[in-house]
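J.: Provided below for reference: sequence and predicted model.
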Amino acid sequence: YGHLSRLYADFVQHVDKYQALWNELDDLDANTWILEPFSHPPPSRKFLKRRIVVVEGTSVVVSLDANMPRGPPSNVRWIGAEKFAFQDKLQNYMASTDDLDSGWSMQCSFRVNLERGLGIKLPLPPSARNSTIQDTSLECGICYTHDLPTENGLREFPQIVCDNKPCKRFYHETCLGDWLFSLPSSRKSFDRIIGTCPYCSEPISATIKQGRY
């Protein structure tokens, strides 16, 4: 009995250690539009990275620090045509830590800090807004559909957008990855395949999906 008690106490101690992190992840999943990891119900708590919609066609990938979940993200990556309107603003906000008025504050949740740094209220997914606005009518520029069934029974939507403002064509990441792998001029860089947009020939990239190529 004593051994089981010690095991239970150790388990509770580990749960308590990560509860603050899980609270921040749960808050993001419930109150923002998460593109990756894409799953329903919300993503597993083992994933510390979230790709969050900022405005239509632009998203930010952030990684939470497990040891300081309310601190600035340990990694930030921007995707989309409007990223230049936000990335410097967020970077400056993150640089001013512990400034409740103008910088990243540990007194606020990770989501609230992110919204303050961007200067906007992060949008909810269309299903939560009871709205179908323009994003549900977007078609992939390669397969010309919106809803793409996947092998695991989930659905994929056009989430990759060309950074070239006159183009701004949307693509399913699967379709774009297939297209880029078909181009002799494309190249791999870590977990991404980099090539040219099918419409404007400007640089564009997609995540390399394990086991697909």
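T.: Perfect, I can see it now. Numbering: from 1, shown residues only.
J.: use CA for all of it now, contacts and neighbours both
T.: OK.
J.: Contacts only, for residue 54.
T.: The contact partners of residue 54, by C-alpha atoms under 8 Å, 6 or more residues apart in numbering, come to 60, 122, 123.
J.: Select from those every entry located in strands.
T.: residue 60 (DSSP state E).
J.: Out of the contacts of residue 54, flag the one nearest to residue 201.
T.: Using C-alpha to C-alpha, residue 60 is the member of the contacts of residue 54 that sits closest to residue 201, with 23.5 Å.
J.: Helix or strand, whichever it is, which one in this structure has the lowest mean pLDDT?
T.: The least trusted helix or strand in the chain, going by mean pLDDT, DSSP states H and E, turns out to be helix 126-129, with a mean of 58.
J.: Turn the contacts of residue 54 into TSV, including pLDDT and neighbour count.
T.: Below are the contacts of residue 54 laid out as TSV (pLDDT from 0 to 100; neighbours: other C-alpha atoms under 10 Å):
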residue	pLDDT	neighbour count
60	91	20
122	94	20
123	90	17
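J.: in this protein, which residue is closest to the centre?
T.: residue 51 (0.3 Å; C-alpha atoms, centre = their mean).
J.: a strand runs through it, doesn't it?
T.: Yes - using DSSP: H, G, I helix; E, B strand; the rest coil, the assignment for residue 51 is a strand.
J.: ranges for the strands of the chain?
T.: Counting by DSSP E, one finds strands in the chain at the ranges 34-36, 49-55, 58-63, 75-80, 148-149, 155-156, 160-161, 170-171, 187-189, 192-196, 203-207.
J.: export those strands to TSV and tack on distance to residue 179?
T.: Converted to TSV, the strands of the chain look like this (distance: least, C-alpha to C-alpha, whole Å):
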stretch	distance to residue 179
strand 34-36	21
strand 49-55	23
strand 58-63	21
strand 75-80	19
strand 148-149	15
strand 155-156	16
strand 160-161	13
strand 170-171	10
strand 187-189	12
strand 192-196	9
strand 203-207	10
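J.: So which of these is nearest residue 180?
T.: Judged by C-alpha to C-alpha, the one of those that comes nearest to residue 180 is strand 192-196, at 5.7 Å.
J.: Which pLDDT value goes with residue 81?
T.: Here, the pLDDT recorded for residue 81 equals 70.
J.: That one: how many residues sit nearby?
T.: By the measure other C-alpha atoms under 10 Å, the count of residues near residue 81 is 22.
J.: Torsion angles phi and psi at it?
T.: phi -70, psi -30 (degrees, to the nearest 10).
J.: can you pull the contacts of it?
T.: 57, 58, 161, 162, 163, 164, 165, 168.
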